[in-house]
Every structure is written in structure tokens, then in C-alpha cells.
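**Q** Here is my input, please return the structure:
(chains A and B)
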Amino acid sequence: MPAPLLIPFVAVAAVLAAWIGLRADFTRSREGKILAFVALAVLPVALVYEGFSIHMEQAQSTEFCLSCHVMTDYGRSLRVDDPSYIPAQHFQNNRIPRERACYACHTDYTMFGDVSAKLRGMRHLQVQYFGTVPKPEAIRLYEPYQNRECLHCHAGARRFEEGSAHHKIPDLLVRAKSGQLSCLSSGCHEFIHDVESLKDATFWKE
Amino acid sequence: MQSNVETKIKWAAVLVLAGLLCIFVSFSKVHPLAFIAFLIIACPLTLGGVLLFLVALLQKDTTREIGPHTP
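**A** Here you go, the predicted model:
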């Protein structure tokens, strides 16, 4: 449910809660007890649950990720005018949804990948507001980037399977698909965000 | 005279109302601070209010029972 749709429910619940608070004697009657139960138990619990899921959904948005100052350069790297920059190429050509650009590549495509991505996000929030924020160029992934995340979209695609670059070495695709050869760190698709080199870069203007 | 159950219900309503207002404010912007405010302020206030209301429901209303018969 989008956040604007929840707002009328919040308003109704708030009005009911205020009314029960002002007229607590109304809860002496059976009807009053039922209304109070709806206003002070059912609606608030439902709204907290729905609010939490809306916030979780919003936490996947590019706007959310880039709202921390430390992520500014990573956001700029999506607009570098150079197709060798993998995130820029994906973002500018709509290969990933632009409104969820960070999450599309930085979630794990496993059974509990969403959960682990959210837990990592909670750790980022803890560092942002209660810890020491590192410099943008000092930010590293927790573990090497898995080919699995690339293959989630690219596996089976004609350009990926039949592309000449992927057949320069006979077993390149087999090794990439089995994870023996990294897509990113084996010298093939090596330009990722590279925030250190942004000062010399030119940027795409929409 | 207001019974102690009604006093608890009143406080529960205040907590729920404050929590709902925080939920409302947290939806005003897609920002990590809004999420933190939801998690650290809005959720405890709302759920605290709900808990207080449930405690009030389970509590025996002693004020009203002994009130009229007390010499």
C-alpha cells in the first residue's frame, strides 16, 4: 500500500483515539468497550504493521539510499558518461529500475536475500546516526560481489549468452556461471562506482 | 469520579494518539531519519498505548466496586 493511502486510516484512528481519550466514561458500556478496542488496539496495531512494511518498501528506493551524504558520490557515479562504468550503464539504459537502482544490484538473490539486505541496511543506519561514518572512498562491500547477482538478470539473455566477448575464452561462460571467474574483478567489467575518479569524469545530463 | 481503569484508558489514548501523529509525520519524507523516527518513537508510543489499554481491560475496576458501598 502506498503511504498516501495509509494517511486517511491514520487520521481516522487518531480521531477515534482522541475521542476515546476525551470520553473515557463511554467505555463503561459494551459498545464503548468494542469501539475502544477497535480504536486503541486493532487500528493502531494494523497501522504500525502496515507502516513498517511501507517504510521497508521505501527503504529500497534510490532516493532513500542517496539521502545520506556519504552516498552522494555513489549517486553521481550513476550518471557518469562512460559505458565502461557498470552501474552508470545499467542506470542510464534502464537495465535496472531507476527508482530502485541501489537495491536492484545490492540485494542477494537468494531465499533470504531480502532479509539480509534489510539487516545490512539497518546496520548502515546505525553507523550513519550513531557511529562513525567512513569516507565515501573507504566504503567496501562486506564480501566480494557474487556473479549470482549479475546472472539473476543476464543468464539466458541472448546478448550475454552469445556475445563475442563472452566466447573469447572457450569456457569463460561456464566459469563465470559457476562463480570461478568473477564478472567484476577478473579484468572484464572492472569499473564499478570508482568514486575516486569522479572529479575527472563527465556526466550524462537527462 | 473517574475510575482508575478510565484513567489508564485515557493515558492509552494519549500514547496511541502521539504514536499515530509520529507515524503520520514519518510518512512526510522518504528519508532514513523518517524510518528511524518511526522505529524508535512511533512504534514504542503506539504499541505502549495498546499495551496499556489491554492492561486496563484486564484490570478489575476497584474504584467503581468499592466506591458506592464504602461508608
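**Q** what about residue 27, neighbour count?
**A** Just going to use chain A. As a burial measure, A:T27 scores 26 neighbours (other Cβ atoms under 10 Å in any protein chain shown). Backbone N, C-alpha and C define where each C-beta goes, glycine included.
**Q** Not quite, go with chain B.
**A** Residues contacting B:F27 under the criterion other Cβ under 10 Å number 20.
**Q** Tell me both backbone torsions, phi and psi, for A:F203.
**A** phi -120, psi 150 (degrees, to the nearest 10).
**Q** what bridges to it?
**A** Bridge pairing for A:F203 (DSSP bridges) gives the partners A:V80.
**Q** What parts of chain A come near chain B?
**A** Within reach of chain B by Cβ under 8 Å from any Cβ of the partner chain, chain A has these residues: A:3-4, A:6-7, A:10-11, A:13-14, A:17-18, A:20-21, A:24-25, A:27, A:33, A:36-37, A:39-41, A:44-45, A:47-48, A:51-52, A:54-55, A:58-59, A:61, A:63-64, A:67-68, A:125, A:128-129.
**Q** could you flag which of those residues are buried?
**A** A:3, A:6, A:10, A:13-14, A:17-18, A:20-21, A:24, A:27, A:36-37, A:39-41, A:44, A:47-48, A:51-52, A:54-55, A:58-59, A:61, A:64, A:67-68, A:125, A:128 (16 or more other Cβ atoms under 10 Å in any protein chain shown).
**Q** In helices, which of the residues you listed fall?
**A** Residues of those located in helices (DSSP state H): A:3, A:6, A:10, A:13-14, A:17-18, A:20-21, A:36-37, A:44, A:47-48, A:51-52, A:54-55, A:58, A:64, A:125, A:128.
**Q** I'd assumed A:I86 was in contact with A:I192.
**A** Yes - with contact defined as Cβ atoms under 8 Å, A:I192 and A:I86 form a contacting pair (5.6 Å).
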